[in-house]
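1. Give me the fold of what follows.
(2 chains)
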Amino acid sequence: MQIPEDIQKQVKEVFAPIDRKVVIKVFTSQENCDFCKDTLALSESVAELSDFTEVVHYDLDKNPEMKKQYQITHTPAILIDLPEKTNPIRFYGIPAGYEFSAFIETIRFVGTGKVDLPDQVIARAKEIKAPKNVKVFVTTQCPYCSGAVLTGFQLALVNPEFITTEMVEASEFPDLSNQYKVRAVPKVVMNETTSFEGAMPPDMYLEKLIEA
Amino acid sequence: MELFFNNKPETKADLKESVNYEKIYDTAIYGAGPAGLSAALYTLRKNMKTALISKDIGGQVITTWDVENYPGFKKIGGYDLSKKMEEQITQFPIALDEGVSLVKLEKKSVFEAHLDNGKVLKSKTVILALGKKYQELGVKGEKKFTGKGVSYCSTCDAPLFKNKTTVVAGGGNAAAEALLELSKIASKVYAVIRKEHFRADPVLIQKIEETKNIEILFNHSIQEISGNEFVEKVMIQKKDTNEVKTLETDAVFVEIGLVPNTSFECVPSLTINDQKEIRVNNKGETNIKGLFAAGDVTDIPEKQIVIAAGEGAKAALSAFRYLQNQ
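-> So this is what the prediction gives:
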């Protein structure tokens, strides 16, 4: 997928401070996956914009064992490796439209080891010692959604041992949207117990997560 | 497939910090749409200690698909434009709290704003740039089903209703665009319009009339939205005959315009017009000394991004001069 030149320029500037290798794992399959091909192409195009980024492609039809190993429930899926080889963040669905920003910023966070959260939020997120899962349902046309995704991803990056966050493109996965009763986006589901719709500042988001 | 992206290429420094509620700021700006962000740019450049409080950054602009009438840009996404405005102000030391709303504003020795985070923000001047919000239908079931089929953001939520039946309330441009967008996704779209005609641009009306899965119901108003867990039905009434009928639907997209965000309490009272807009003079001054307003929340005619930005700048300069004369 060809990324427009003006956007390539902007992405390169964001990637400039990256100083460590970022492995973007893309999982695709043939069946029932309208966006697998585009997701792989987009990821490869993005990876070309930095010397530190690399795409590893897993075709689950050829490597079905990878599905289990990485606990991939839907395709396309993107996992971005942390240096410790853990995968607390994942995208289910193509990170296009407004989610493209979330994709690029997440690579920057991982590649620099720095997030944009306030210090007190980082400190409090690190105190979490019980498993927390966040699912953020989005549509690529939703300007409010990438903020909810990025907050969830940053919390997971700050405390990857206990916090995992998934972006789910709601229109690509109607089964998940129905299961989680998604009728508006962004919808944030925390630990399968708490949910809310709409964007929320990081400190309030974290409080909800602690309560979940 | 579109990719929306905006980083911070022009301003590397980001000097924003959280609001310090112990301090008294030179000015507190409420609202961060084009008027509020523009006002902040001007107060910051005048070295005024500035606090900016807003529920979100960008306001109505961020849900605007393309902006083609803002000087300097042939075409720019609304989200991108608001990000550029935000980046421009965060190169200055600004105190900014997002996700916070104004509940009550009092003028004592200084202005004291009671916020929904439970805190009180003190400032010598205030600039209200609160913008407008989506107007609600005000019918039974609307609040109960908000987020459960009732939506005020068709661009966000339309993709969730693939092959479903949907209703769009309203007859202006926003409603027309929602109808056309939904017609590509939903199996059936009802247009429920109170008047006997659209108020939308002719080019949009023509497209709607040519679209087979849109059924237009002029002279009808929604009376009630009902269902169990999610929206299942709307009851509509025909204006001239009072005939009532029920439409089965999975969603109701409310696109009936906007109302000013002036529901907060103000002591002393602000002068507002019959449309609940804050009255301002040509300097952005309200009836309360030291309290200024700008943008769509005011009675200034023509609600445009460029006008809001200009009014924000004017209110900021007026606040600066007010402080100089104190």
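2. what about the nearest residue to A:His74 once chain neighbours are set aside, how many neighbours?
-> Leaving out its chain neighbours, the residue that sits closest to A:His74 by Cβ to Cβ, 6 or more residues apart in numbering or on different chains is A:Tyr92, at 4.9 Å. Quick note: C-beta positions are derived from backbone N, CA and C, even for glycine. Applying other Cβ atoms under 10 Å in any protein chain shown, we find 23 residues neighbouring A:Tyr92.
3. Can you name the residues bridging to A:Tyr92?
-> A:Tyr92 forms beta bridges with A:Ala77, A:Val168, as assigned by DSSP bridges.
4. wait, it sits on A:Ala77?
-> Yes - with contacts counted by Cβ atoms under 8 Å, A:Tyr92 reaches A:Ala77, the gap being 5.5 Å.
5. What residues does chain A have near chain B?
-> Taking Cβ under 8 Å from any Cβ of the partner chain, the part of chain A that reaches chain B is made up of A:1, A:3-4, A:7, A:9-11, A:13-14, A:38, A:94, A:96-98, A:100-101, A:104, A:118, A:139-145, A:170-171, A:174, A:177, A:181-185, A:187, A:197, A:199-201, A:204.
6. Just the buried ones from those residues?
-> Using 16 or more other Cβ atoms under 10 Å in any protein chain shown as the burial test, these include A:1, A:3, A:7, A:10-11, A:14, A:38, A:94, A:96-98, A:100-101, A:104, A:139-145, A:170-171, A:177, A:182-185, A:187, A:197, A:199-201 as buried.
7. Once you drop chain neighbours, what's closest to B:Phe92?
-> Leaving aside its chain neighbours, B:Phe92 sits nearest to B:Leu44 (3.8 Å; criterion: Cβ to Cβ, 6+ apart).
8. For the strand or helix carrying the one you found, name the packing helices and strands.
-> Here B:Leu44 sits within helix B:34-45, counting by DSSP states H and E. With contacts taken as 3 or more Cβ pairs under 8 Å, 6 or more residues apart in numbering or on different chains; DSSP states H and E, helix B:34-45 sits against strand B:24-30, strand B:50-54, helix B:78-89, strand B:120-128, helix B:305-324.
9. And the second one, what does it pack against?
-> Put plainly, it is strand B:50-54. Secondary-structure packing of strand B:50-54 (3+ Cβ pairs under 8 Å, 6+ apart): strand B:24-30, helix B:34-45, strand B:95-98, strand B:120-128.
10. again, 10 Å this time
-> Applying 3 or more Cβ pairs under 10 Å, 6 or more residues apart in numbering or on different chains; DSSP states H and E, one finds that strand B:50-54 contacts strand B:24-30, helix B:34-45, helix B:78-89, strand B:95-98, strand B:111-115, strand B:120-128.
11. ditto for the third one
-> The helices and strands touching helix B:78-89, judged by 3+ Cβ pairs under 10 Å, 6+ apart, are helix A:99-112, helix B:34-45, strand B:50-54, strand B:66-67, strand B:76-77, helix B:305-324.
12. rerun at 8 Å
-> Packing contacts for helix B:78-89, counted by 3+ Cβ pairs under 8 Å, 6+ apart, involve helix B:34-45, strand B:66-67.
13. same thing with the first one?
-> Using 3+ Cβ pairs under 8 Å, 6+ apart as the contact criterion, the secondary-structure elements in contact with strand B:24-30 are helix B:34-45, strand B:50-54, strand B:111-115, strand B:120-128, helix B:305-324.
14. Which parts of chain A are helices?
-> Assigned by DSSP state H, the helices in chain A fall at A:5-15, A:36-47, A:64-69, A:99-112, A:119-126, A:145-158, A:174-179, A:202-211.
15. taking the ones you listed together, which one is wrapped up most tightly?
-> Most buried of these by mean neighbour count (mean count of other Cβ atoms under 10 Å in any protein chain shown) is helix A:145-158; its value is a mean of 27.
16. For that helix, give the mean pLDDT please.
-> Helix A:145-158 shows a mean pLDDT of 93.
17. again, but for stretch A:3-16
-> The average pLDDT for stretch A:3-16 rounds to 92.
18. Please compute how far that stretch lies from its chain's middle.
-> 19 Å (Cα atoms, centre = their mean, to the nearest Å).
19. Repeat that for stretch A:59-68.
-> In this view, stretch A:59-68 has its centroid 20 Å away from the chain centroid, taken as Cα atoms, centre = their mean.
20. May I have that stretch as PDB, with CA atoms only?
-> Extracted in PDB, the C-alpha atoms of stretch A:59-68 (Å, rounded to 0.1, in the frame of the first residue of the first chain):
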ATOM      1  CA  ASP A  59       0.300 -16.600   7.300                       C
ATOM      2  CA  LEU A  60      -1.900 -18.600   9.700                       C
ATOM      3  CA  ASP A  61      -3.000 -20.900   6.900                       C
ATOM      4  CA  LYS A  62       0.600 -22.100   6.500                       C
ATOM      5  CA  ASN A  63       1.600 -21.700  10.200                       C
ATOM      6  CA  PRO A  64      -1.500 -22.600  12.200                       C
ATOM      7  CA  GLU A  65       0.600 -23.200  15.300                       C
ATOM      8  CA  MET A  66       1.300 -19.500  15.500                       C
ATOM      9  CA  LYS A  67      -2.300 -18.800  16.100                       C
ATOM     10  CA  LYS A  68      -2.100 -20.700  19.400                       C
END
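21. Tell me if stretch B:305-321 is near chain A.
-> No - in terms of Cβ under 8 Å from any Cβ, no part of stretch B:305-321 sits within range of chain A; the closest distance is 15.0 Å.
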